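Engineer: next input, structure requested:
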Amino acid sequence: MAVPIITLYDVPNHSPQPWVPNSWRVRFILNHKRLMYRTQWVQFPDVETTLRGIGALPSSWRSDGRPVYALPAIVDPTLDPSSPKVLSNLNQIVEYLEATYPARPVFPEGSRALQGLFVWHIQEIFVKPLLPIMIPLSHQNLPEHSQIYFRNNPSQSPFGPVPTTTMILPEQRERAWSIAKEQFDLLATMLDKNRGDGDGVVAMGTEVSYADFALCAVLIWIERVDTRDGWTRVRSWNGGRWARLYDRCRPLMEVY
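Structural biologist: You can find the predicted model right below:
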């Protein structure tokens with residue numbers, strides 16, 4: 001009999017290759033904990049049907065009470081193949097994996113609250129200046145099936161309003177990158193306080209943790225979606241700090 005393994009549901013681009021930051025957080029944890037898993041690719045128009053089909057609960061709820069089904073999601077049959085665990089909420093997935101597979105923890109002891117604040121800052125503050133650049137490019141990198149779906153159903157877009165064009169004027173692009181660099185500079189200044197009692201690269205001490213995965217997931221998003229010059233810019237900022245973090249996480253970027 002085949003050994004049960006975890007299934008990670010993720011969204012492809014044209015390749016397909018993983019690019020969605022939230023999915024990369026989960027993939028980093030799976031790789032870090034050396035858990036056996038496989039990726040099931042699901043195009044955006046098929047997400048709700050797929051998640052309903054595996055018995056997943058809504059990932060969240062809209063203000064009008066309608067359910068939202070979103071990826072990533074996991075199905076874990078390894079503890080009980082007759083009743084696999086199904087999760088489709090990012091935070092619940094992270095907590096489940098850490099509690100169920102405590103070896104090689106992603107939350108160093110006593111750091112859960114501070115890491116939670118760090119990750120909130122990444123997703124709510126740090127990443128926002130990137131959105132004018134990354135949202136149109138993310139749409140452009142979707143398979144045509146998904147692009148057509150969002151053009152016909154703009155309210156279903158996980159990125160916000162569907163752009164009418166994937167083009168951004170050069171001066172707008174430069175302004176957006178300038179504002180984004182301000183956030184990178186602020187974060188670098190904060191992380192530099194670790195020098196002396198850390199390795200000067202990761203968020204805590206000398207080992208990667210969930211905070212690093214959340215940040216590196218954004219770096220991967222830039223690298224794989226803004227193929228024009230996004231990663232070329234970012235990797236050179238702050239003395240190459242972000243390239244060093246990317247390289248620290250590189251061994252955990254395997255895709256199964």
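Engineer: from the rest of the structure, what touches the helix or strand where residue 177 lies?
Structural biologist: For residue 177, the host element (DSSP states H and E) is helix 170-191. Helix 170-191 is contacted from outside by 125-126, 129-130, 132-133, 168, 200, 203, 215, 233-234, 237-238, 241-242, using C-beta atoms under 8 Å, 6 or more residues apart in numbering. Every residue, glycine included, has its C-beta placed from N, CA and C.
Engineer: how far is it from where the chain is centred?
Structural biologist: How far helix 170-191 lies from its chain's middle: 20 Å, per C-alpha atoms, centre = their mean, to the nearest Å.
Engineer: give the other helices and strands that the worst-scoring helix or strand of the chain on mean pLDDT contacts.
Structural biologist: Scoring the helices and strands of the chain by mean pLDDT, DSSP states H and E places helix 144-152 at the bottom, with a mean of 79. If contacts are counted by 3 or more C-beta pairs under 8 Å, 6 or more residues apart in numbering; DSSP states H and E, helix 144-152 sits against helix 131-140.
Engineer: send the alpha carbons of the helix it packs on over as CSV?
Structural biologist: The C-alpha atoms that make up helix 131-140 are tabulated as CSV, following Å, rounded to 0.1, in the frame of the first residue of the first chain:
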residue,chain,number,x,y,z
LEU,A,131,0.8,46.0,-4.9
PRO,A,132,0.6,48.5,-7.7
ILE,A,133,3.4,46.6,-9.4
MET,A,134,2.6,43.1,-8.4
ILE,A,135,-1.2,42.9,-8.8
PRO,A,136,-1.3,43.6,-12.5
LEU,A,137,1.7,41.3,-13.1
SER,A,138,0.1,38.5,-11.0
HIS,A,139,-3.0,38.7,-13.2
GLN,A,140,-0.8,38.6,-16.3
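Engineer: could you give me the buried positions within the least confident helix or strand of the chain?
Structural biologist: By neighbour count on 16 or more other C-beta atoms under 10 Å, the buried set for helix 144-152 is 146, 147, 149, 150.
Engineer: next, the angle from it to helix 131-140.
Structural biologist: 120 degrees (axes from the mean of the first three to the mean of the last three C-alpha atoms, to 10 degrees).
Engineer: can I see the domain layout of the chain?
Structural biologist: Recorded structural domains for the chain (assignment: automatic domain parsing) are 6-100, 112-252.
Engineer: what's the closest of the ones you listed to residue 106?
Structural biologist: Residue 106 sits nearest to domain 112-252 of all those, at 4.3 Å, using C-beta to C-beta.
Engineer: from start to finish, how long is that closest one in a straight line?
Structural biologist: One end of domain 112-252 sits 21 Å from the other (C-alpha to C-alpha, to the nearest Å).
Engineer: quick check: residue 22 touching residue 214?
Structural biologist: No. With contact defined as C-beta atoms under 8 Å, residue 22 does not reach residue 214; the gap is 9.1 Å.
Engineer: tell me the buried residues in the strand or helix carrying residue 232?
Structural biologist: Assigned by DSSP H and E, residue 232 falls within helix 230-236. Of the residues in helix 230-236, 230, 231, 233, 234, 235 count as buried by neighbour count, 16+ other C-beta under 10 Å.
Engineer: helices and strands around the helix or strand following it, which ones?
Structural biologist: Next helix or strand after helix 230-236 toward the C-terminus (DSSP H and E): helix 241-249. Where contact means 3+ C-beta pairs under 8 Å, 6+ apart, helix 241-249 is packed against helix 170-191, helix 210-225, helix 230-236.
Engineer: winner for burial among those?
Structural biologist: helix 210-225 (a mean of 23; mean count of other C-beta atoms under 10 Å).
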